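Visitor: Have a look at this prediction, sequence included:
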Amino acid sequence: MIVEKAYLELYPDAKLGEYDFSLNYSRKFNDYNANVKRKGNKIEFNLSRKWEKINDDVRIGLIQILLNKIFKTIVSTPNIELYEIFLKKVHIAIPKVKNDPILESSFDRVNEKYFCGLIEKTNLMWGMDSIRKLGSYEYGSDTITVSKIFLNSRRELLDYIMYHEMLHKKHKFYTKNGRSYHHTGEFNRQEKLFENQKQIERDISVLVRQNRRKRGFLKFFSL
Ligand SMILES: [Zn+2]
């Protein structure tokens, strides 16, 4: 089975039988997402259905990344390298089905102003009204998600979050000793090129504090 193969190639000294592996393909994931769960010696891998059609060598890389995660190791393998190449390129194959007019105008504004229009459109969606996770870019589904606290904010604040996530699509990540780095020196340097960056970051902190306070009140009134 593919999991055993991935396991033995990652840990050549390990012996099989110590763990009870299972592998499921599930519809609940976006595109190329996956996760792993451990209960005692039972280890369950859940991969999105899309992975069923992907080449074994790439799939082994994904499983090895999940094994590294669950065993807190940082072993790298040729399969992991393959998987990383796959993840950096897969956006080309992802259908763009999620969109929103506010997010799309933000994407287009930022693209024109900072990237000469060269960043290809991603899926775009609003997340929860989170004050901890303001935005994210997911490689496996080519999706930028922005916290709803920016829905009615000043345009520049939304654009700054969008800019940060678009930089992730542009720079991807690099991996060293089994760890992936997403906010590299070059990333941070380019992030600072956003107009009025310092002031915008302060304004975003204020917006986050306001939302925290608002939530505090809500809690009080619902008691
Ligand atoms: Zn980031």
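Guide: Thanks, I have it. Given the structure is predicted, the values throughout are model-derived calculations rather than measurements.

Visitor: Specify the beta-bridge partners of the residue minimising distance to the centre of the chain.
Guide: Central residue of the chain (CA atoms, centre = their mean): E138, 3.1 Å from the mean position. Listed beta-bridge partners, E138: T143 (assigned using DSSP bridges).

Visitor: ok, it to F29 distance?
Guide: 11 Å (CB to CB, to the nearest Å). In this view, the C-beta of every residue, glycine as well, is placed from N, C-alpha and C.

Visitor: Next: V75.
Guide: From V75 to F29 the distance is 25 Å (CB to CB).

Visitor: who has more neighbours, the two?
Guide: Remark: of V75 and F29, F29 carries more neighbours, 18 against 15, as counted by other CB atoms under 10 Å.

Visitor: So what's the predicted local confidence for the more buried one?
Guide: Here the pLDDT value assigned to F29 is 84.

Visitor: can you check the one 4 residues further on too?
Guide: At N33, the pLDDT value in this model is 90.

Visitor: Quick one: residues contacting S136.
Guide: The neighbours of S136, taking CB atoms under 8 Å, 6 or more residues apart in numbering as the test, are G127, I144, T145, E165.

Visitor: What's the end-to-end length of stretch 37-54?
Guide: 22 Å (CA to CA, to the nearest Å).

Visitor: List the buried residues of that stretch.
Guide: The neighbour-count check on stretch 37-54 (16 or more other CB atoms under 10 Å) flags I43, F45, N46, L47, S48, K50, W51, I54 as buried.

Visitor: Identify the residue spatially nearest to the fifth one, adjacent ones excluded.
Guide: Nearest non-adjacent residue to S48, counting by CB to CB, 6 or more residues apart in numbering: F29, 3.5 Å away.

Visitor: roughly how far apart are that neighbour and Y114?
Guide: Note on F29: its distance to Y114, by CB to CB, is 31 Å.

Visitor: do the same with S48
Guide: The spacing between S48 and Y114, counted by CB to CB, is 32 Å.

Visitor: same deal with L151?
Guide: To Y114, L151 is 22 Å away according to CB to CB.

Visitor: Could you do N30 as well?
Guide: Distance, N30 to Y114, using CB to CB: 27 Å.

Visitor: Quick check, Q190 in contact with L167.
Guide: Yes - the pair Q190 and L167 qualifies as a contact (CB atoms under 8 Å) at a distance of 5.9 Å.

Visitor: So which of those two has more stuff around it?
Guide: L167 (24 against 17).

Visitor: Counting by contacts, list what the helix or strand containing the more buried one packs against.
Guide: Secondary structure assignment for L167, by DSSP states H and E: helix 155-171. Counting contacts by 3 or more CB pairs under 8 Å, 6 or more residues apart in numbering; DSSP states H and E, helix 155-171 is packed against helix 101-115, strand 135-138, strand 143-146, helix 185-191, helix 197-222.

Visitor: C-terminal to the first one, which secondary structure element comes first?
Guide: The helix or strand immediately downstream of helix 101-115 is strand 123-126, counting by DSSP H and E.
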